[in-house]
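**Q** Structure for the following, please:
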Amino acid sequence: MDRFEHFTLSVFSITRNWNKIATEEMREHGLKGAYVLYLITLSDLEEPPTAPRLAELTQRDKADVSRAIAIFQKKGFVEPYGENRYRAPICLTEAGKALARYVRQKADSALAQAGQGLSEEMRRDMYQSLDIIAGNMKEICEKLT
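**A** From the prediction side, this is the model:
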């Protein structure tokens, strides 16, 4: 297997399996697995972001973020928007904060299990390598447009 195949298959496998885990965890709450990232990001920020800022931070489509926020509001996980929906800050409710803590704990547990056998040095090097690859890939894509 060459580098391209190895890299691509590994990334796809990690993504596919992570999505499966997230989907199972969110199913009982009537939410999509992809929404885990939004909850964790919202809970980590000191200042509540707007929908465009959340899309930027999570590198997701603005329309998907808007759909997720509408569902979160309907289920009582974020505060209702004021008049200016697009620029309103997205604030987690107490139920949203509790769900974010639960999801964070599940994600941390899954990552701990997935990382069994890695030393701290290996883990640090892996994340540093991924950051470099992601940055380089971003630059390549920016040159395409």
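**Q** for the spatially most central residue of the chain, what are its contacts?
**A** Taking CA atoms, centre = their mean as the criterion, residue 37 is the residue nearest the geometric centre of the chain, at 2.3 Å. Neighbouring residues of residue 37 by CB atoms under 8 Å, 6 or more residues apart in numbering: 58, 60. For the C-beta atoms, the positions are set from N, CA and C on the backbone; glycine is no exception.
**Q** Next, find the distance separating it from residue 26.
**A** Distance, residue 37 to residue 26, using CB to CB, to the nearest Å: 11 Å.
**Q** returning to what we had before: what kind of secondary structure is the residue nearest to the centre of the chain in?
**A** What DSSP: H, G, I helix; E, B strand; the rest coil gives for residue 37 is helix.
**Q** pLDDT at it, what is it?
**A** You'll see residue 37 listed with a pLDDT of 95.
**Q** Residue 115 and residue 24, how far apart?
**A** 19 Å.
**Q** Quick one: low-confidence residue ranges for this structure.
**A** Residue ranges of the chain with pLDDT under 70: 82-86.
**Q** change it to 80
**A** Residue ranges of the chain with pLDDT under 80: 1, 81-86.
**Q** any residues in contact with both of residue 37 and residue 26?
**A** Counting by CB under 8 Å, 6+ apart, nothing touches both residue 37 and residue 26.
**Q** Would you map the helices across this structure?
**A** Applying DSSP state H to the chain gives helices spanning 3-27, 36-44, 51-58, 62-74, 94-114, 120-144.
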